[in-house]
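J.: task: produce atomic coordinates for the following.
(one chain, ligands or ions: 1)
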Amino acid sequence: MTEIETPSTGFEYAPAPESAAIARLKQSYGIYVGGEFRAGRGEAVKTVNPATEEPLAEVAEASEADVDDAVAAARRAYDGAWSRLSGSARAKYLFRIARAIQERGRELAVLESLDNGKPIRESRDVDIPTAAAHFFYYAGWADKLGYAGFGPDPRPIGVAGQVIPWNFPLLMAAWKIAPALAAGNTVVLKPAETTPLTALTLAEIIAECDLPPGVVNVLPGGPAIGQALVEHEGVDKIAFTGSTAVGKQIQRSVAASGKRLSLELGGKAANIVFSDAPLDQAIEGIVNGIFFNQGHVCCAGSRLLVQESIHDEVVAGLKDRLRTLRLGDPLDKNTDIGAINSAAQLARIRELSDSGEAEGADRWSPACTLPDKGFWFPPTLFTGVSQANRIAREEIFGPVLSVLTFRTPQEAVDKANNTPYGLSAGIWTEKGSRILWMANRLRAGVVWANTFNRFDPTSPFGGYKESGFGREGGRHGLEAYLAH
Ligand code: NAD
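T.: This next block holds a predicted model:
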């Protein structure tokens, strides 16, 4: 262990680890195409536990020929029974999947924490229940599409190609698959290369729920497989969640192809704290906003805009709170901060944090012991940040908070909107009128007031500007999968 400094609260927690055996890891995984599991014809790669760097399993990834097979299987399923099945019949499948996710919730939570590095507390209490909630929610819509506001008889689009990132592997799969199936589409999903295991377990659940073969296909693989799926002629709709750079590339590649496209991309959200805010609550919200899931959250509150008069008080309160966060074994139920998902992501967080120091901001981290093996980064706070600094402009996608100040509401709006992104924002104040005044001016798809990082299947989510277009979740989330 590399000792940075040892905090002593006098109230240490005894370890409370979940057993890794609950994940029922297999030695090897493949692809799921046309209702069958088989080895992909692409590379065989080892998926690694980011907390230990030990391999978890081997995954025989998809090849381009497997993409052809999966799209063909999805087309057959679409032209076969699926698109003509009644909404209530589709709903039964979705309800079944939702219940099966709940039944296998503990297994999925442990598997997610092993493959992603996120604390079990979060995978158990947020990722898995919210994934099940999405299937329950969209099951409810499947037989009511004619009343969703998209005309009396909205039709599905066809075969959806879906590409997702590694930060919420199962939840992102649920966000994508549930509305697509509710609307009568079939799906080819490509999980991220570092986190394929829960999507493949979801495929197992889908098989056990007796979905017709080919309605859902899962193809683990890297960027080349994502690209092959996106560019495939047999795909009618692309749904992508990931980085802005790749989103732009995808938008270029589908231009003039007639494919429908929705993009959920990066963010650099402002979390804005006024002097009349309930400060203890705001500090909890700031911590949740940026340190939840190690900051690997597209809508993370990575820029704290604090009213100048309370800057010192807020920073002191934040430091006190950060000193109590426990970093370590993701499977320990006491852990607040888990591992960074990959060596590549850790390198990016380090590089951007170093640039913060080089550009003159003040860096601070609490006393915290980093394990020797695995990918780890301590919760980090930068004060004295200027808007021109890279750490105030670029998405770090890690546990790093940049603190800036403002004096008036207008200055807060100007600074919050001074970004190419526009995914989310937070406002902390006692005044309802100020919340509404701010929310009307913030160019962000989601604006939270006196809370942060709240996710609910009934609520639409999506961005402005370089954060993408299209909405996922809620009634709006159906629109991306309906031709009307
Ligand atoms: P990424 O764009 O590198 O990869 C995302 C997915 O796209 C992966 O499955 C990857 O294999 C695939 N991919 C890569 N290149 C591709 C290409 N040329 N064509 C098709 N597919 C390709 O992003 P990442 O680093 O895995 O994820 C982090 C990013 O995702 C962050 O920027 C984050 O903000 C964003 N994100 C956004 C949301 C949202 O809802 N807006 C949610 C989660 C993450």
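
J.: from the ligand, how far out is residue 20?
T.: Residue 20 is 24 Å from the ligand, where distance means C-beta to the nearest ligand atom, to the nearest Å. C-beta: built from backbone N, CA, C; applies to glycine.

J.: right, and that residue touches residue 110 too?
T.: Yes: taking contacts as C-beta atoms under 8 Å, residue 20 lies within contact range of residue 110: 6.5 Å.

J.: between these two, which one's more packed in?
T.: residue 110 (24 against 15; other C-beta atoms under 10 Å).

J.: contacts only, for whichever residue of the stretch 101-250 of the chain sits closest to the ligand.
T.: Closest approach of the stretch 101-250 of the chain to the ligand (C-beta to the nearest ligand atom) occurs at residue 226, with a separation of 2.3 Å. Going by C-beta atoms under 8 Å, 6 or more residues apart in numbering, residue 226 touches 163, 190, 246.

J.: turn the residues you listed into TSV, columns for pLDDT.
T.: Below are the contacts of residue 226 laid out as TSV (pLDDT from 0 to 100):
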residue	pLDDT
163	98
190	98
246	98
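
J.: for the residue lying closest to residue 149 once chain neighbours are set aside, give its distance to residue 13.
T.: Leaving aside its chain neighbours, residue 149 sits nearest to residue 475 (6.8 Å; criterion: C-beta to C-beta, 6 or more residues apart in numbering). Look at residue 475 and residue 13: by C-beta to C-beta, to the nearest Å, they are 43 Å apart.

J.: these two - which one has more neighbours?
T.: residue 475 (16 against 11).

J.: shouldn't the more buried one be in contact with residue 148?
T.: Yes: counting by C-beta under 8 Å, residue 475 touches residue 148, with 5.5 Å between them.

J.: quickly list what's touching both of the two.
T.: By C-beta under 8 Å, 6+ apart, the residues touching both residue 475 and residue 148 are residue 141.

J.: how near is residue 468 to residue 446?
T.: Note on residue 468: its distance to residue 446, by C-beta to C-beta, is 12 Å.

J.: same question for residue 351.
T.: Counting by C-beta to C-beta, the gap from residue 351 to residue 446 is 28 Å.

J.: more neighbours: which of those two?
T.: Higher neighbour count among residue 351 and residue 446: residue 446, with 25 against 11, using other C-beta under 10 Å.

J.: what are the phi and psi values at the nearest residue to the more buried one once chain neighbours are set aside?
T.: Take residue 446 and drop its neighbours on the chain: the residue closest to it by C-beta to C-beta, 6+ apart is residue 424, 4.3 Å away. The phi and psi torsions at residue 424 (degrees, to the nearest 10) take the values phi -150, psi 170.

J.: which residues touch residue 424?
T.: Counting by C-beta under 8 Å, 6+ apart, residue 424 touches 267, 269, 299, 301, 444, 445, 446, 447, 448.

J.: dump these into TSV; add pLDDT, secondary structure and distance to the ligand as well.
T.: Shown next, in TSV, are those (pLDDT from 0 to 100; DSSP: H, G, I helix; E, B strand; the rest coil; distance: C-beta to the nearest ligand atom, whole Å):
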residue	pLDDT	secondary structure	distance to the ligand
267	97	coil	6
269	98	coil	10
299	97	coil	7
301	97	coil	13
444	97	coil	12
445	96	coil	9
446	97	strand	10
447	98	strand	15
448	98	strand	15
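
J.: ranking the residues you listed by neighbours, who comes first?
T.: Busiest of the contacts of residue 424 [other C-beta under 10 Å] is residue 269, holding 32 neighbours.

J.: residues contacting that one?
T.: So residue 269 contacts 289, 299, 300, 301, 302, 303, 421, 423, 424, 425, 426, 444 (C-beta under 8 Å, 6+ apart).

J.: among the residues you listed, which one lies nearest to the ligand?
T.: residue 423 (5.6 Å).

J.: just checking, that closest one touches residue 270?
T.: No: here residue 423 does not reach residue 270: they are 10.6 Å apart, not a contact under C-beta under 8 Å.

J.: for those two, list the residues in contact with both.
T.: Joint contacts of residue 423 and residue 270 (C-beta under 8 Å, 6+ apart) are residue 444.

J.: count of residues packed around residue 147?
T.: So residue 147, with other C-beta under 10 Å, has 10 neighbours.

J.: circling back: any idea how far residue 64 is from the residue of the stretch 101-250 of the chain closest to the ligand?
T.: 11 Å.

J.: how about the residues of the chain near the ligand?
T.: 163-167, 190, 192-193, 222-223, 226-227, 230, 241-243, 246, 249-250, 264-267, 298, 395, 397, 423, 463, 467-468 (C-beta under 6 Å from any ligand atom).

J.: take those residues and keep only those in helices.
T.: Under the assignment DSSP state H, those contribute 223, 226, 227, 230, 246, 249, 250 to helices.

J.: now the strands for the stretch 101-250 of the chain?
T.: Counting by DSSP state E, counting those that start in this stretch, the stretch 101-250 of the chain has strands at residues 155-156, 159-163, 186-190, 216-218, 237-241.

J.: any idea which of those is most buried?
T.: Neighbour counts (mean count of other C-beta atoms under 10 Å) averaged over each of those peak at strand 216-218, with a mean of 31.

J.: hmm, back to that, mind checking how far the residue of the stretch 101-250 of the chain closest to the ligand is from residue 342?
T.: Residue 226 sits 16 Å away from residue 342, going by C-beta to C-beta.

J.: also residue 361?
T.: Residue 361 is 26 Å from residue 342, by C-beta to C-beta.

J.: looking at the two, which is more packed in?
T.: Neighbour count, other C-beta under 10 Å: between residue 361 and residue 342, residue 361 has more, with 22 against 19.

J.: that one contacts residue 401, correct?
T.: No: using C-beta under 8 Å, residue 361 makes no contact with residue 401, being 11.0 Å away.

J.: any common contacting residues for those two?
T.: Shared contacts of residue 361 and residue 401, defined by C-beta under 8 Å, 6+ apart, comprise residue 382.

J.: ok but residue 59 is inside a strand, no?
T.: Yes: Residue 59: assigned to a strand according to DSSP: H, G, I helix; E, B strand; the rest coil.
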